[in-house]
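S.K.: I need the structure of the sequence given here:
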Amino acid sequence: MTVRIGVVMDPIATINPKKDSTLAMMLAATRRDWSVFVITLDGLHVADGKLKLRGCEIRIDTSMTDWSHAPAWYELGPEEICTPNEFNALLMRKDPPFNMEYIYATYLLEMAEAAGTPVLNKPGSIRDANEKIFALRFPQCCPPHLVSRDPGLLRAFHTEHEDVIYKPLDGMGGMSIFRAAPGDSNLSVIIETLTDGGQRQIMAQRYIPEIVDGDTRILLIDGEPVSYGLARIPLAGESRGNLAAGGTGVTRRLNERDHWICQQIGPTLKERGLYFVGIDVIGDYLTEINVTCPTCIREIDAQKDLDIAGDYLDFITETLL
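M.R.: A predicted model of the protein is given here:
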């Protein structure tokens, strides 16, 4: 039997083939002779109460060795309209922003689940697990923190902890993250800007000095961690390790504390159908749980000769198909 998977993602022409983790999954599928069908959000639609999926079969050149210069690495077939039961599984790999369009997509993909097609990650769990707030379900793993829109509470948190990171609850790639150091004269304007004058909830976390050694992305497959994480080391003078903010990625083997954090959260991830997750760890602390479109497969694979996407497809094959 030929396995056919549908991948809900950004337009294929917009991705960076050197770094994209969704491409890693599609490459692993292609090497197994699986059929891969790509779908963008505008290809999800409901007619007569039934979900339809409009997209194209994709053929990928698996012989490519230099993805930095890959002008013709894929070929798309003719556009088709399919039903969920024409796929063995659907992968939800659309990048944030996590806005209402993203939420609508999770509602539609739940219709695929209802029709009997597994969707990874589970759409309802993606919708419910805000990547900043979800981590706070495990306070034993997190640094001191506050979620509030109250400027007085946010300033009081800074008074208590002196060195604080403030960030929006819906950000990605290190965007709009501010550090307010002791005596920072910009504290009020940071809070006013992020909360939109007290109208929007934000997160405050005590600054973790170990950020200089990297913000480590740890990938988990069905609640179990990959043995190496990617420490994203900030540029000099930066407090953000995100690769999108200029950080440098260096792999490191997980330590005892990393494994303990994964043990704390793993059962909840499994229970919620969050099959492929990326957590962020700074020093001894969990800072985020990324469930929408976790990245860093390619970087870890390249440095440690792993096949993380292949391991993920093994899990899908053994557990869901």
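
S.K.: Can you name the helix or strand that the nearest residue to residue 214 once chain neighbours are set aside falls in?
M.R.: Nearest in space to residue 214, with sequence neighbours left out and distances taken as Cβ to Cβ, 6 or more residues apart in numbering, is residue 231 at 3.0 Å. For glycine as for every other residue, the C-beta is placed from the backbone atoms N, C-alpha and C. If you go by DSSP states H and E, residue 231 is part of strand 228-233.

S.K.: Could you list the buried residues of the next helix or strand after that strand?
M.R.: On the C-terminal side of strand 228-233, the nearest following helix or strand under DSSP H and E is strand 248-253. For strand 248-253, the neighbour count (16 or more other Cβ atoms under 10 Å) marks 249, 251-252 as buried.

S.K.: do stretch 33-41 as well
M.R.: For stretch 33-41, using 16+ other Cβ under 10 Å, the buried residues are 34-41.

S.K.: How many residues are close by the residue nearest to residue 41 when sequence neighbours are not counted?
M.R.: In space, and not counting its chain neighbours, residue 41 is closest to residue 105: 5.4 Å by Cβ to Cβ, 6+ apart. Residues lying near residue 105 (other Cβ atoms under 10 Å) number 20.

S.K.: In the stretch 101-250 of the chain, what residue spans correspond to helices?
M.R.: 123-128, 151-161, 187-195 (DSSP state H, counting those that start in this stretch).

S.K.: Just put these in JSON lines and tack on mean neighbour count and mean pLDDT.
M.R.: Output for the helices of the stretch 101-250 of the chain, formatted as JSON lines (neighbours: other Cβ atoms under 10 Å; pLDDT from 0 to 100):
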{"stretch": "helix 123-128", "mean neighbour count": "20", "mean pLDDT": "97"}
{"stretch": "helix 151-161", "mean neighbour count": "16", "mean pLDDT": "98"}
{"stretch": "helix 187-195", "mean neighbour count": "18", "mean pLDDT": "97"}
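
S.K.: Neighbouring strands - and their directions - for the strand holding residue 231?
M.R.: Within its sheet, strand 228-233 is paired with strand 215-221 (antiparallel), strand 248-253 (antiparallel), according to DSSP bridges.

S.K.: can you pull the pLDDT of the closest residue to residue 101 other than its chain neighbours?
M.R.: Distances taken as Cβ to Cβ, 6+ apart place residue 41 nearest to residue 101, at 6.2 Å, with adjacent residues excluded. The confidence metric pLDDT takes the value 97 at residue 41.

S.K.: again, but for the one 3 residues further on
M.R.: In this model, residue 44 is scored at 98, pLDDT.

S.K.: was I right about it contacting residue 106?
M.R.: No. If you go by Cβ atoms under 8 Å, residue 44 and residue 106 don't touch, sitting 10.2 Å apart.

S.K.: so the residue nearest to residue 214 makes contact with residue 254?
M.R.: No. The pair formed by residue 231 and residue 254 falls short of the contact definition of Cβ under 8 Å, at 10.8 Å.

S.K.: Please give me every residue in contact with the residue nearest to residue 101.
M.R.: 8, 94, 101, 105 (Cβ atoms under 8 Å, 6 or more residues apart in numbering).

S.K.: let's go with 10 Å and repeat that
M.R.: 8-11, 94, 101-102, 104-105, 108 (Cβ atoms under 10 Å, 6 or more residues apart in numbering).

S.K.: With pLDDT as extra columns, can I get those in JSON lines?
M.R.: Formatted as JSON lines, those follow (pLDDT from 0 to 100):
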{"residue": "8", "pLDDT": "98"}
{"residue": "9", "pLDDT": "98"}
{"residue": "10", "pLDDT": "97"}
{"residue": "11", "pLDDT": "96"}
{"residue": "94", "pLDDT": "97"}
{"residue": "101", "pLDDT": "96"}
{"residue": "102", "pLDDT": "96"}
{"residue": "104", "pLDDT": "97"}
{"residue": "105", "pLDDT": "98"}
{"residue": "108", "pLDDT": "98"}
